[in-house]
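> From the sequence below, what's the structure:
(one chain, ligands or ions: 3)
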Amino acid sequence: MKYNLQFSFKLRGKFPVEAQERMKEWFTELQQLLEKGIQERDLKKISKVKKWVLKSVNEKEDELLLTVVSGETMPAHHALLRMRKFFSGKFGKEFRLGISGIDIKSYKIDIDIPNKPAKEFTLPFVSTIIFTNDTAKITLEKNIPIDFIEKGSIDRIVKLVRNKIVEQIIRGKDEHHLVVWSSEQKKPVTNENPTDIMIKDGWIQRTSYRNQWIFAPAISALTETLKEIMVEHLYKPLGFKNMVFPKVVPWEVWKRSGHLSGIYQGGFEPYFVCTPKTADPEYWEEIADYFRITLEIEPEKIMEKLRPPIGGLSFAQCPPFWTYLQGKTISDDSFPLFYYDWSGPTFRYESGAAHGFERVDELHRIETLYIGFPEQIKKVAQDLRANFRKIIGDVLDLEFREAWVTPWWSSQEGKGDDEEESTIELKNFDQIGTIDMEIYMPYRGKRNQSNWLETQNVSILGNKYTKNFTVKSQSGKELWSGCGGGSFERYISAFVAQKGTNPDKWPEKLLKYIDELPSGPTFL
Ligand code: ATP
Ligand code: MG
Ligand code: ZN
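Ligands and ions are numbered 1, 2, ... in the order given. Prediction:
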């Protein structure tokens, strides 16, 4: 790592004649200050002032121009902040002069990297990047404001350069996916595509909008049945309470949940939400009139009347919940907090061609959320896993398996990849990570050659959310959380893929909850 920073402290006045002499002493004092507490072997890597010049800016102002170089122990921009404190003290006390501003003239950083990136990239605030096998030489844009340094953005640029290279390696490999458990094989009653069967039987109908479907009465009834089963086998015995989570998510929430780091990078593809610039009827009158005359709208015209997005539609379902606990201190005896939400759809901009019912843009999901002390979270994750197994394997009588997967947010941060697969002990689910429950889809082919449908997951997320949303326990003990999601679209697609739509072929344990499936109209 090599940092080379040129900047100046601008003065509210002119240096007195003796400044040159005093300065020499002060630089010696400054260097000693910077070296204080640094280990011998790291001394080479701390900031050193390579050059300084007193210069006139105009008749009324001078500046102190500096070149500071460093290694990684104390990067030059960190030294800058300490020098600002040091010199404002000295200038104020001895010259009665204040520092009026800091000009960053040029900042070049040589960043150590593990390898040359497969695909070169550029970055905001960086004017050039040159990659060699072990170094990324970056030059920052001119006139970087000082609060950019104060807020830690330079350090994040350095980290981002490294992470982007590591992520390219991770993305190049298959997703970390390890089957840790499988149910017994079960004989499917069909091997047709469930979307086709459900369309044919009038259970679902595609709308004119991409990957959006209408649930007709029969599948709606089955959805309600699934809810009943979830309550009886999972939420009631484990003590979960129902809540209604918001479905419009402001940027603030996604900043804290960490989702924005991965926006449209594979794993977070939200719908955006815009509000009108004003609700004034006059402002919108021309749009209404245009429609009344042409019976059409011009979306571009509407776009002009909108504010930039305030955020988006709920994507992962649990993040907007966290405003409930944000900034709060909670009594120890309140924990664990167990909640579920199925109050409304969430949205994903699923790319590619039109998908079947198992991959929709508007999805209806059961979100399960748990917050508590680490031991409580480990226990409930294991309990949930056991009870989901009962529901999928026993009540719905489906063939499925469990896979241990690298959570997207952990691979996103460039770690979690070199974990020794053999060290993962999953009899007990008691570590940060995710278990996916995947259901066999006979129409896709043989068991060992086809994609199984990820229908439900259970995650332990550690302190990620509690920390980012500053949730504290009364005793100050660490708080963890976890969540799991499973959409009705996936549950029912998987069920129909193995069991079809004819209740005569359905498992007894499910039929217990169903009197008769309601039918829709007969379309001629
Ligand atoms: P996939 O890899 O199949 O796209 P995912 O990893 O994006 O799934 P998660 O982000 O883990 O899925 O979402 C949790 C759950 O939400 C999934 O197990 C699934 O039940 C449901 N889900 C996610 N995306 C969709 C979708 N497009 N349509 C229907 N259900 C979905
Ligand atoms: Mg997905
Ligand atoms: Zn969640």
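> Hmm, residue 182 is touching residue 401, no?
Yes - between residue 182 and residue 401 there is a contact at 4.1 Å, judged by Cβ atoms under 8 Å. Heads up, the C-betas are built off the backbone N, CA and C, glycines and all.
> Can I get the helix or strand harbouring residue 467 in CSV, CA atoms only?
Assigned by DSSP states H and E, residue 467 belongs to helix 464-468. Extracted in CSV, the C-alpha atoms of helix 464-468 (Å, rounded to 0.1, in the frame of the first residue of the first chain):
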residue,chain,number,x,y,z
LYS,A,464,-26.1,-7.4,11.5
TYR,A,465,-29.6,-6.0,11.8
THR,A,466,-29.6,-5.2,15.5
LYS,A,467,-26.4,-3.3,15.1
ASN,A,468,-27.3,-1.4,12.0
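> Give me the contacts around the helix or strand just after it.
Next helix or strand after helix 464-468 toward the C-terminus (DSSP H and E): strand 472-473. By Cβ atoms under 8 Å, 6 or more residues apart in numbering, the surrounding residues in contact with strand 472-473 are 328, 329, 330, 332, 335, 373, 479.
> for the record, mean pLDDT for strand 472-473?
Across strand 472-473, pLDDT averages out at 98.
> Neighbouring strands of it in the sheet, and parallel or not?
Using DSSP bridges, the strands paired with strand 472-473 are strand 329-330 (parallel).
> how far is the strand it pairs with from where the chain is centred?
How far strand 329-330 lies from its chain's middle: 25 Å, per Cα atoms, centre = their mean, to the nearest Å.
> for the protein, longest helix please?
helix 153-172 (DSSP state H).
> tell me which helix or strand of this structure sits lowest on mean pLDDT?
helix 408-412 (a mean of 47; mean pLDDT, DSSP states H and E).
> right, and the helix or strand after the one helix or strand residue 221 maps to?
Here residue 221, judged by DSSP H and E, is contained in helix 217-230. Scanning forward in sequence from helix 217-230 by DSSP H and E, the next helix or strand is helix 236-238.
> by contact count, what packs against that following helix?
Packing partners of helix 236-238 (3 or more Cβ pairs under 8 Å, 6 or more residues apart in numbering; DSSP states H and E): helix 374-389.
> could you give the angle of the following helix or strand past the helix it packs on to helix 374-389?
Sequence order places strand 400-405 as the next helix or strand after helix 374-389, per DSSP H and E. On the basis of axes from the mean of the first three to the mean of the last three Cα atoms, to 10 degrees, strand 400-405 is oriented at 150 degrees to helix 374-389.
> Can you tell me what sits against strand 400-405?
Taking contacts as Cβ under 8 Å, 6+ apart, the residues outside strand 400-405 that touch it are 175-183, 385, 392-393, 424, 426, 433-440, 452, 455, 457, 494.
> Quick one: mean pLDDT over it.
pLDDT averaged over strand 400-405 gives 94.
> That one and ligand 1 in contact?
No - Strand 400-405 stays clear of ligand 1 (Cβ under 6 Å from any ligand atom), getting no nearer than 8.0 Å.
> Tell me which strands that strand pairs with, and in which orientation.
Partner strands and pairing direction for strand 400-405 (DSSP bridges) are strand 177-182 (antiparallel), strand 433-439 (antiparallel).
> Single out the most deeply packed of the ones you listed.
Neighbour counts (mean count of other Cβ atoms under 10 Å) averaged over each of the strands paired with strand 400-405 peak at strand 433-439, with a mean of 24.
> what does the protein put close to ligand 1?
348, 350, 359-360, 363, 365, 454-457, 485-487, 489-490.
> hmm, try it at 8 Å
Counting by Cβ under 8 Å from any ligand atom, the chain comes close to ligand 1 at 211, 267, 316, 348, 350, 355, 358-361, 363, 365, 408, 434, 436-437, 453-457, 484-487, 489-491.
> Narrow the residues you listed to just the buried residues.
Burial by neighbour count, judged by 16 or more other Cβ atoms under 10 Å, picks out 211, 267, 316, 348, 358-361, 363, 365, 408, 434, 436-437, 453-457, 484-487, 489-491 from the residues of the chain next to ligand 1.
> quick one, longest strand in the protein?
The longest strand of the chain (DSSP state E) is strand 99-112.
> send the alpha carbons of that strand over as CSV?
C-alpha atoms of strand 99-112 as CSV (Å, rounded to 0.1, in the frame of the first residue of the first chain):
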residue,chain,number,x,y,z
ILE,A,99,-7.0,27.7,9.0
SER,A,100,-9.7,28.7,6.6
GLY,A,101,-9.8,25.7,4.5
ILE,A,102,-8.2,22.5,3.1
ASP,A,103,-7.5,22.0,-0.6
ILE,A,104,-6.9,18.4,-1.7
LYS,A,105,-4.7,18.9,-4.8
SER,A,106,-4.0,15.3,-5.7
TYR,A,107,-4.3,11.9,-4.1
LYS,A,108,-2.8,8.8,-5.5
ILE,A,109,-3.1,5.4,-3.8
ASP,A,110,-1.5,2.2,-4.8
ILE,A,111,-3.7,-0.6,-3.4
ASP,A,112,-2.5,-4.1,-2.9
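> hmm, stretch 260-280 touching ligand 3?
No - Stretch 260-280 does not reach ligand 3 (Cβ under 5 Å from the ion); its nearest approach is 12.4 Å.
> Flag every buried residue along that stretch.
261, 262, 267, 268, 269, 270, 271, 273.
> From those residues, pick the one nearest ligand 1.
residue 267 (7.0 Å; Cβ to the nearest ligand atom).
> returning to that earlier point: CA atoms only for the helix holding residue 221 - export them in CSV, please.
Extracted as CSV, the C-alpha positions of helix 217-230 are listed here (Å, rounded to 0.1, in the frame of the first residue of the first chain):
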residue,chain,number,x,y,z
PRO,A,217,-60.8,-19.1,-5.7
ALA,A,218,-59.3,-22.6,-5.6
ILE,A,219,-55.7,-21.6,-5.1
SER,A,220,-56.7,-18.8,-2.8
ALA,A,221,-58.4,-21.3,-0.6
LEU,A,222,-55.3,-23.5,-0.6
THR,A,223,-53.3,-20.4,0.3
GLU,A,224,-55.5,-19.9,3.4
THR,A,225,-55.2,-23.6,4.2
LEU,A,226,-51.4,-23.2,4.1
LYS,A,227,-51.7,-20.3,6.5
GLU,A,228,-53.8,-22.5,8.9
ILE,A,229,-51.2,-25.2,8.7
MET,A,230,-48.3,-22.8,9.4
